[in-house]
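K.L.:
requesting a structural model of the entry that follows:
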Amino acid sequence: MTAAVTAPVQPRLPAAARRYWPLGALLVLVPAGLLLAGGGSWPAALSADLSGPLGSASDWIIDNRDSHPLFLYFFGHISNAVVLSVRGVYLVLLAAGWAGVTAAAGILAWRVAGRRLGLTAVAAFAVCGLLGMWVPTMQTLALMVVAVAASVALGALLGLAAGLSDRTYRALRPVLDTMQVLPAFAYLLPVVLVFGIGVPAAVLATVVYAAPPMARLTALGLRGADPGVLEASASLGATGRQRLLTARIPLARKELLLGVNQSIMMALSMAVIASVIGAGGLGDRVYQALASVDVGAALAAGIPIVLLAIVLDRTATGARSRTGSARGRFAWAAAVVAAAVTGRLSGGLSWPEAWHIGIAEPVNRAVDWMTAHLYSGVPVVGGTADWAAHFTGWVLDPVRAGLQALPWWALLLLVGALALLVGTVRTALTAVAAMAAIGVLGVWDASLDTLSQVLAAVAVTLVLGFAIAIAAARSTRVERVLRPVLDVFQTMPQFVYLIPVVALFGVGRAPAVAAAVVYALPAVVRITTQGLRGVDPVALESARSLGASGWQQLRQVQLPLARPALLLAVNQAVVLVLAVVIIGGLVGGGALGYDVVFGLAQGDLATGLVAGAAIVCLGLMLDRVTQPTRKET
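P.N.:
Just a heads-up that it's a prediction; the model follows:
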């Protein structure tokens, strides 16, 4: 009997060494590259000029918009469907009158979420009328009902596909990143070229922006379903469709409701931007007020947007299963009809002008006082202008200088190494390709300037967001107090608080970062709180029985088990900060944000789309270096 010949065992690196070898290579290669090549921006020979092709595409759309079959029989039908839907909802609201709409909102909220929310809904619509914004509120509500319904439907379908298929999930990630990161101002011009100025363009632009959160959270909920429940369902002979309807979707209910919440918030946050292309309603009132630097009038139109968001959010997330009798439903419907008829007989469909209350003048006086007393000269702490100057000088300037001092190839190597630390070779190649595409587009220096602002804003957002979310997850009272504050931050149009921010911090990159943090913080807090609260209570009880302190439970149990939600929070921080980078361009942030705004204002498709594409590439790169794709071993 002959002995089996065995191949010599090849020595393998330890797991930690295999994981961190890219970091070691980075520490060796980057200093060597700096010594050999010095500084240097992206070579001009590797850049491509896209102004010609994009200009030709713009001209073709303009020349063929009224005659080509693509526009007549496809885009035309979409436009007509949107117009008819919005008009139908608006006519129903007008026919119901202010009394009927207020009663219907209160009764609907009462039935699905309780008496307190019913009273809140009535008070919210009453405030809209008292501020003299009833008709604009109805216009915005009609547009938002259609936009949110389309966003939720589209997002749910995409999330369903991504939640059930790993391949579809990987394919949809860059699509969702592009939809959410591409600034609205960048795709407003192409949308207007195709659909013209008006309601269809506004609704479709809102859907593009508001559908991704629903898709992401739907996929997160479906993919995070308890494997034990799914296995038990399969063992009982349930088909794939039955497992989806009876196990996966019920288990993902919290994520689905959170997705609806985020779609509502983001749709309403688009109200002002959509007014630029003819949406009308409250957004148009805000835009006109800010054009004349009237913060009070802008706030009077911004408050109804927040109130609409609160009512729609509470109605969506507070909904619970209630099976009322047909007689009960008939009684509620009869009450709504009676309220509508009473309102018609009492004097009209719109809110009575005699009941209006003006808040513009007191608000403007308060803004003037804040500017005069807080901008500078505050004892001990200094003024807000000093804070902005210190943040710019100590954080933003060094980060931008460090990024621009690196050779282009060294920065690509850095991006690839960071992506390898958390993902696979494919992930690293995607990140490097996204960064290289920025150089090919010819906006390398401007992109690094924007990247420095984004990194600073994301860091501040995550530090504040995680700290606030931990407090909210550990205390129901804190969560209840924070919820309306987060609603205001997320739904108040950025243009409304833009003037006070500029008045307090001046013009520059610091106020741009502040605006981005205010906008991105609520989503981070909500998602993180949801993830921490969703940790299995059995695991926490086991940790407590072993004598773990509250801090140990958080660090060793809650945070590791909530890792998917934390990663999603990081992702949302990145994409939301990038989505607000345009606002930075309006207040002195410069870089890519200014290019996008300039392109829209001048009708320059090439400048706006190239800068928007660069922002998308930044988002794709940051997603790949922050979202692990490799399974831990």
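
K.L.:
please count neighbours and contacts with C-alpha atoms only from this point.
P.N.:
OK.

K.L.:
okay, and for the stretch 301-450 of the chain, where does confidence drop off?
P.N.:
By pLDDT under 70, the weakly predicted segments of the stretch 301-450 of the chain are 316-352, 377-381.

K.L.:
switch the cut-off to 50
P.N.:
320-328 (pLDDT under 50).

K.L.:
show me where it has its helices.
P.N.:
With DSSP state H, counting those that start in this stretch, the ranges of helices along the stretch 301-450 of the chain come out as 326-347, 360-374, 384-391, 397-405, 408-422, 425-440, 444-474.

K.L.:
quick one: list the elements packing against the last one.
P.N.:
Packed against helix 444-474, as judged by 3 or more C-alpha pairs under 8 Å, 6 or more residues apart in numbering; DSSP states H and E, are the following elements: helix 397-405, helix 476-491, helix 509-533, helix 563-579, helix 591-602, helix 605-626.

K.L.:
list the helices and strands the third one packs on?
P.N.:
For helix 509-533, the packing partners by 3+ C-alpha pairs under 8 Å, 6+ apart come out as helix 384-391, helix 444-474, helix 476-491, helix 494-505, helix 563-579, helix 581-586.

K.L.:
now do the first one
P.N.:
If you count contacts as 3+ C-alpha pairs under 8 Å, 6+ apart, helix 397-405 packs onto helix 444-474.

K.L.:
so how far is the helix it packs on off the chain centroid?
P.N.:
Distance of helix 444-474 from its chain centroid, counting by C-alpha atoms, centre = their mean, to the nearest Å, is 14 Å.

K.L.:
ok, now stretch 95-112?
P.N.:
29 Å.

K.L.:
now the element after the longest helix anywhere in the chain, going C-ward?
P.N.:
Counting residues, the longest helix found in the chain (DSSP state H) is helix 76-113. Going down the chain from helix 76-113, the next helix or strand is helix 115-130, by DSSP states H and E.

K.L.:
CA atoms only for that following helix, dumped as CSV, please.
P.N.:
C-alpha atoms of helix 115-130 as CSV (Å, rounded to 0.1, in the frame of the first residue of the first chain):
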residue,chain,number,x,y,z
ARG,A,115,-58.2,60.9,19.1
ARG,A,116,-55.1,63.0,19.9
LEU,A,117,-53.9,62.9,16.3
GLY,A,118,-57.5,63.7,15.1
LEU,A,119,-57.4,66.9,17.1
THR,A,120,-53.9,67.6,15.9
ALA,A,121,-55.0,67.3,12.3
VAL,A,122,-57.9,69.7,12.8
ALA,A,123,-55.6,72.2,14.5
ALA,A,124,-53.0,71.9,11.8
PHE,A,125,-55.5,72.7,9.0
ALA,A,126,-56.9,75.5,11.0
VAL,A,127,-53.5,77.1,11.4
CYS,A,128,-53.0,76.9,7.6
GLY,A,129,-56.2,78.9,7.2
LEU,A,130,-55.4,81.4,9.9
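
K.L.:
circling back: out of the helices of the stretch 301-450 of the chain, nearest to Leu50?
P.N.:
helix 425-440 (9.9 Å; C-alpha to C-alpha).

K.L.:
which neighbouring elements make contact with that closest one?
P.N.:
Using 3+ C-alpha pairs under 8 Å, 6+ apart, helix 425-440 sits against helix 408-422, helix 605-626.

K.L.:
and with 10 Å instead?
P.N.:
Helix 425-440 is packed against helix 408-422, helix 444-474, helix 605-626, with contacts defined by 3 or more C-alpha pairs under 10 Å, 6 or more residues apart in numbering; DSSP states H and E.

K.L.:
what angle do it and helix 408-422 make?
P.N.:
Relative orientation of helix 425-440 versus helix 408-422 (axes from the mean of the first three to the mean of the last three C-alpha atoms, to 10 degrees): 150 degrees.

K.L.:
what strand or helix carries Leu189?
P.N.:
Going by DSSP H and E, Leu189 is part of helix 184-195.

K.L.:
tilt between the longest helix of the chain and helix 115-130?
P.N.:
Using the same axes, to 10 degrees: helix 76-113 against helix 115-130 is 130 degrees.

K.L.:
helix 76-113: how far from the chain's middle?
P.N.:
On C-alpha atoms, centre = their mean, the centre of helix 76-113 falls 25 Å from that of its chain.

K.L.:
check stretch 254-265 too.
P.N.:
Taking mean C-alpha positions (C-alpha atoms, centre = their mean), stretch 254-265 and its chain are 11 Å apart.

K.L.:
residues of the longest helix of the chain that come out buried?
P.N.:
76, 79, 82-83, 85-87, 89-90, 93-94, 96-113 (16 or more other C-alpha atoms under 10 Å).
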